[in-house]
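Trainee: Using only what follows, build the 3D model:
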Amino acid sequence: MRVSLLRDLPAEDRVSMEVFADRLAAALRAQPAVSVTETTVRNGNRLVSRFLRYPLVARRVAADVHHVIDQGYGDIAALLPLKRTLVTCHDLIALLGSDLRGAPRTSWVSAARFRWSVSFLRRVAHVVCDSESTRADVLELLGVPEERVSVVHPGVSPHFRPLERAAVEHVRRRLAGDRPLVLHVSLGQPYKNVDGALRAVAGLHAAGIPAVLARTGRPLSPASQRLAWDLGLDGSLVELGMVAVDRLVELYSACDVFFFPSFYEGFGLPVLEAMACGAPVVASDCPALAELIGEAGVLAPAYDVPALTQALARVLESPELAQTLRARGVERAKAYSWEQAAQAYAEIYSAVASAAAA
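Mentor: Alright, predicted model coming up:
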């Protein structure tokens, strides 16, 4: 079965989508019944490539099934055989707008373009969601019939595994010395609640817990930098920037708490990676994260900074609770593998191709 995997344009530098495409493609190639062609456009003007060249290139790829891996590229389906096309929907955060604090700040043109792109999810043969939470959004916000929407959880790479605490103690000490180390991973989008993370760590300081907040991803915005300074975190904040996978595994394994207080998520891959590495997790209780974490972490409302601070303090002040969460996280992460995801996608591809042939 020939599958055209339609990736995001590299020029858009969407890290999460690159990771998703790389890992899914690798796992699909291990499926004996699937032959994968990865499709994208690499050069030229971004808008011309995205909205003119890419659909034309995608249409010329001979395939039994066309798989658009990003809901924001759903419009590519306009030039594809709809009965042989499926789209993965990771989230519909951009549609929530004023209903969601921290919703992406976009121009009306970008918002209209996104609404137009995801409107094609109503027309393709199938929509695959990363979580039950996203599936509920697809049903409610887009009106896609239930029978055409499935859930396939992303997996976690085998690279993410617990390292011996003694082996990464030097990492923790270099970043935090004898102080507790709180790790936050994000690209800084507003819905990631970066300012909430800063305020919660400042709350720890006020409670006498001198934690250090280490961040990977894109640096703080100027406004968040000013907030960190106003909160007195200038000596308790470490910006690490984008890091390689091996470095990220060290950080997950070394931290005393992994903190992920997002206002909303479609899945939450960094949380899964952190659990796989044995990091105690404190996260917001938004539906997708609650679904992913279960009893393997401590949850609190993203909008309630004192509650987030209290959740962090519970873990940092209780070695027994931290150890319990480490063990639960590692065990829960075992349920999420790219092999299982690829098998589920292969079954959906087969069903779509069979229905189209019929």
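Trainee: Over to residue 114. Which of the three states is it?
Mentor: Secondary structure state of residue 114, per DSSP: H, G, I helix; E, B strand; the rest coil, is helix.
Trainee: residues near the residue nearest to it when sequence neighbours are not counted, how many?
Mentor: Closest residue to residue 114 in three dimensions, ignoring its sequence neighbours and counting by C-beta to C-beta, 6 or more residues apart in numbering: residue 94, at 4.8 Å. All C-beta atoms are positioned from the backbone trio N, CA, C, and that covers glycine. The local packing of residue 94 (other C-beta atoms under 10 Å) involves 20 other residues.
Trainee: just checking, residue 94 touches residue 111?
Mentor: Yes: at 6.8 Å, residue 94 counts as touching residue 111 under the criterion of C-beta atoms under 8 Å.
Trainee: can you give me the strands in the stretch 51-200 of the chain?
Mentor: Along the stretch 51-200 of the chain, the segments classed as strands by DSSP state E, counting those that start in this stretch run 65-68, 85-89, 126-129, 149-151, 181-186.
Trainee: again with the stretch 251-358 of the chain
Mentor: Assigned by DSSP E, counting those that start in this stretch, the stretch 251-358 of the chain shows strands spanning 257-260, 281-284, 297-300.
Trainee: Of all the ones you listed, which one comes closest to residue 41?
Mentor: When those are ranked by proximity to residue 41, the top entry is strand 257-260, at 33.2 Å, counting by C-beta to C-beta.
Trainee: hang on, the earlier thing: would you mind measuring from the residue nearest to residue 114 to residue 179?
Mentor: From residue 94 across to residue 179, the span is 38 Å (C-beta to C-beta, to the nearest Å).
Trainee: Distance from stretch 163-171 to the middle of the chain?
Mentor: In terms of C-alpha atoms, centre = their mean, to the nearest Å, the centre of stretch 163-171 is set 26 Å apart from its chain centre.
Trainee: So in terms of bridging, what pairs with the nearest residue to residue 150 once chain neighbours are set aside?
Mentor: Across the structure, with C-beta to C-beta, 6+ apart as the measure, the residue nearest residue 150 apart from its sequence neighbours is residue 128 (5.3 Å). Residue 128 has the following beta-bridge partners by DSSP bridges: residue 88, residue 150.
Trainee: begin at 51 from here
Mentor: Will do, 51 is the new start, and the previous item becomes residue 178.
Trainee: The residue nearest to residue 164 and residue 239: what is the separation?
Mentor: The span separating residue 144 from residue 239 equals 10 Å under the rule C-beta to C-beta.
Trainee: same deal with residue 377?
Mentor: Where residue 239 is concerned, residue 377 sits at a distance of 31 Å (C-beta to C-beta).
Trainee: Among these two, which residue is more densely surrounded?
Mentor: When residue 377 is set against residue 239 and neighbours are counted by other C-beta under 10 Å, the residue ahead is residue 239, at 17 against 13.
Trainee: got the CA positions of the lowest-mean-pLDDT helix or strand in the chain in CSV?
Mentor: Ranked by mean pLDDT, DSSP states H and E, the helix or strand of the chain with the weakest confidence is helix 143-146, at a mean of 86. Included here for helix 143-146 are C-alpha records, laid out as CSV according to Å, rounded to 0.1, in the frame of the first residue of the first chain:
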residue,chain,number,x,y,z
ILE,A,143,-6.5,25.8,19.6
ALA,A,144,-6.5,28.5,16.9
LEU,A,145,-10.3,28.1,16.6
LEU,A,146,-10.9,28.7,20.3
